[in-house]
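Undergrad: here are the coordinates; sequence isn't available:
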């Protein structure tokens, strides 16, 4: 939605903009390609007749309906639509381990191996089928 919000100035009326943005959020929740296509057609019809919304409607239709169709939920059911969990892990590694400094590759590999060992020891004991990751020495180049 960040890129959509950058085009906010194309719609002068705040209430109309909020309505368009809500409809875009609803469009994102389409559960299948056919549902998305049908909803996108209705969205286009709704906003292409109003002179105030036409400029944004044309931009959105070109960018997100014709060119980049892969942004709605139903395209890949059962999978996360964001990578927030991965980014949280990356942030933790940077903040705790590297102290936000760039490390030489050998130091980074050593740190990651150490963390993998720590994480495997901290596993949930209530899930006995999980196997502890075995630690082994890696030769440095």
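TA: Now that the structure is in, tell me what you want to look at. Remember, it's a predicted structure, so these values are computed and weren't measured experimentally. Numbering: from 1, shown residues only.
Undergrad: what residues go with each domain of this protein?
TA: The domain map for the chain lists 2-75, 83-141, with the assignment taken from automatic domain parsing.
Undergrad: from these, which stretch is densest packed?
TA: Across these, averaging neighbours per residue (mean count of other C-beta atoms under 10 Å) puts domain 2-75 on top, at a mean of 14. Every residue, glycine included, has its C-beta placed from N, CA and C.
Undergrad: What separates the first and last residues of that one, distance-wise?
TA: Domain 2-75 has an end-to-end distance of 20 Å (criterion: C-alpha to C-alpha, to the nearest Å).
Undergrad: any idea of the pLDDT on residue 120?
TA: Note for residue 120: predicted pLDDT of 68.
Undergrad: any weak-confidence spans in this structure?
TA: In the predicted model, the chain carries pLDDT under 70 at residues 82-83, 97-100, 119-141.
Undergrad: Quick check: residue 13 vs residue 20, distance?
TA: 10 Å (C-beta to C-beta, to the nearest Å).
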